[in-house]
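# Okay, sequence plus prediction incoming.
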Amino acid sequence: MARQIGPVQARIEYTGITAVTAALRAMPLERAVRAGARLGGWAMNFDRPNRPIALKNLEIAFPEITPAARLAILRKMYRNWGRVLAEWTHLPELSRANIEQVVTYEGKENWDEAERRSNGRGILVLTGHYGNFELLPIAHSIYGYHLAMVYRALRNPLVNAAICAARVRHGTRIIERKAGGRVMMRMLRQNWMIAIALDLDVRKGVFVDFFGMPASTSDAMARMSIVTGAPVLPAFMVREGDSIHNKIKILPAIYAEKTPNREDAVREYTQRYTGTIEQMIREHPDHWNWIHRRWKTRPPGQSRFY
């Protein structure tokens, strides 16, 4: 868990955020999303601490394009974040009666097939901090499915509590990432779907290739899939242009096979999962969180560069 900030700073941040979200909530959804995009573009100009991190990441991922092109991707990312914030303020309005106006499925047959082949062993949903990733589990729960999500608590406890309350409003379960392995194993035995964002740097993981550079990645998903037989189903929220409509894009599931050398299998499957995330980022680079220090942990002998 990230170290929490002090109560005074937490209250100041929370007050500022609630003022912005209240203004967006007062607008109709489409207007709020347009305003959110403008707000995100404006925020980029002031987020100077994170811009060098993002531009370094973009240089690693897309060395073939110009600095101006990388900056354009970053600007689109901030605008997408603004849209995500605007949509977040309108989550209480969503229900089974209107969810299809905001979220539909693409590749739902892959989800149905994974459920069938799972045979009651649950499903591990591979995703990332991509598009409106907060809306993915909420929308899926509104559609009537049992879904849990693994999360890492935010540094601001007031903001974290508000976000967690919104996440569980429609029946989504949340699992604290730290020491959550036993909970996940139990929920898989109860045939739950568990969404895991596998695009974060971890200090203790396996190094796999991500945009041509070793990235330390959690191996928990691969280990659980091998042990339980639960399929790993890639699912990502993709926005249609600049609109309010999103699609949960579902790719064919990955089924782990038990092999004599489990450690090699864990690394191989973690690489496949990471490659899937890279594929989705290449399709919509503005959807991903470029300010995360994804390559912070380096292999032995390599220096950090953030």
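Structure's in. What do you need? Residues are numbered from 1 along each chain as shown.

# Local confidence estimate at residue 157?
In this model, residue 157 is scored at 88, pLDDT.

# That one against residue 10, yeah?
Yes - with contact taken as CB atoms under 8 Å, residue 157 and residue 10 are classed as touching, separated by 6.0 Å. C-beta: built from backbone N, CA, C; applies to glycine.

# Quick check, central residue of this structure?
With distances taken as CA atoms, centre = their mean, residue 129 lies nearest the centre of the chain, 2.5 Å away.

# where do the contact lists of residue 157 and residue 10 overlap?
residue 4 (CB atoms under 8 Å, 6 or more residues apart in numbering).

# So which of the two has more stuff around it?
The neighbour comparison of residue 157 against residue 10 (other CB atoms under 10 Å) goes to residue 10, with 18 against 14.

# Now do the SS call for that one.
Following DSSP: H, G, I helix; E, B strand; the rest coil, residue 10 is assigned to helix.

# My guess is it contacts residue 161. True?
No - counting by CB under 8 Å, residue 10 sits too far from residue 161 to count as a contact (10.3 Å).

# one step back: model confidence for the residue nearest to the centre of the chain, exactly?
Note for residue 129: predicted pLDDT of 96.

# What is the neighbour count of the closest residue to it other than its chain neighbours?
Leaving aside its sequence neighbours, residue 129 sits nearest to residue 289 (CB to CB, 6 or more residues apart in numbering; 4.3 Å). Number of residues near residue 289 (other CB under 10 Å) recorded here: 19.

# residues contacting residue 289?
By CB under 8 Å, 6+ apart, residue 289 lies in contact with 77, 129-130, 199.

# Quick one: buried ones out of those residues?
For the contacts of residue 289, a neighbour count by 16 or more other CB atoms under 10 Å gives the buried set as 77, 130, 199.

# Nearest to residue 19 among these?
Set against residue 19, the nearest of these by CB to CB is residue 77 (23.4 Å).

# Where does the nearest residue to residue 294 once chain neighbours are set aside sit: helix, strand or coil?
Leaving aside its chain neighbours, residue 294 sits nearest to residue 201 (5.4 Å; criterion: CB to CB, 6+ apart). Three-state call for residue 201 (three-state DSSP): coil.

# Between its first and last residues, how far does stretch 62-72 reach?
Taking CA to CA, to the nearest Å, stretch 62-72 runs 12 Å from one end to the other.

# shift numbering so it begins at 57
Shifting the count to begin at 57 puts that one at stretch 118-128.

# Tell me which residues of that stretch come out buried.
Across stretch 118-128, burial judged by 16+ other CB under 10 Å covers 118, 126.

# Report the mean per-residue pLDDT for that stretch.
The average pLDDT within stretch 118-128 is 97.

# packing partners for whichever strand or helix holds residue 125?
Assessed by DSSP states H and E, residue 125 sits inside helix 123-145. Secondary-structure packing of helix 123-145 (3 or more CB pairs under 8 Å, 6 or more residues apart in numbering; DSSP states H and E): helix 63-81, helix 85-102, helix 107-117, helix 191-198.

# which element follows the helix or strand encompassing residue 243 toward the C-terminus?
Per DSSP H and E, residue 243 falls inside helix 237-245. Following helix 237-245 in sequence order, the next helix or strand is strand 249-253 (DSSP H and E).

# Pull up the pairing partners for the following helix or strand past that following strand, direction included.
Proceeding N to C from strand 249-253, the next assigned helix or strand is strand 262-266, under DSSP H and E. Using DSSP bridges, the strands paired with strand 262-266 in its sheet are strand 269-273 (antiparallel).

# so after the partner strand, what's the next helix or strand?
As assigned by DSSP H and E, the chain's next helix or strand after strand 269-273 is helix 276-284.

# For that following helix, buried residues please.
Buried-residue list, helix 276-284, by 16+ other CB under 10 Å: 276-282, 284.

# Using JSON lines, lay out these together with distance to residue 223 and pLDDT.
As requested, these are arranged in JSON lines below (distance: CB to CB, whole Å; pLDDT from 0 to 100):
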{"residue": "276", "distance to residue 223": "20", "pLDDT": "95"}
{"residue": "277", "distance to residue 223": "20", "pLDDT": "97"}
{"residue": "278", "distance to residue 223": "25", "pLDDT": "97"}
{"residue": "279", "distance to residue 223": "25", "pLDDT": "96"}
{"residue": "280", "distance to residue 223": "21", "pLDDT": "96"}
{"residue": "281", "distance to residue 223": "24", "pLDDT": "97"}
{"residue": "282", "distance to residue 223": "28", "pLDDT": "96"}
{"residue": "284", "distance to residue 223": "24", "pLDDT": "95"}
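
# Many thanks, we can stop here.
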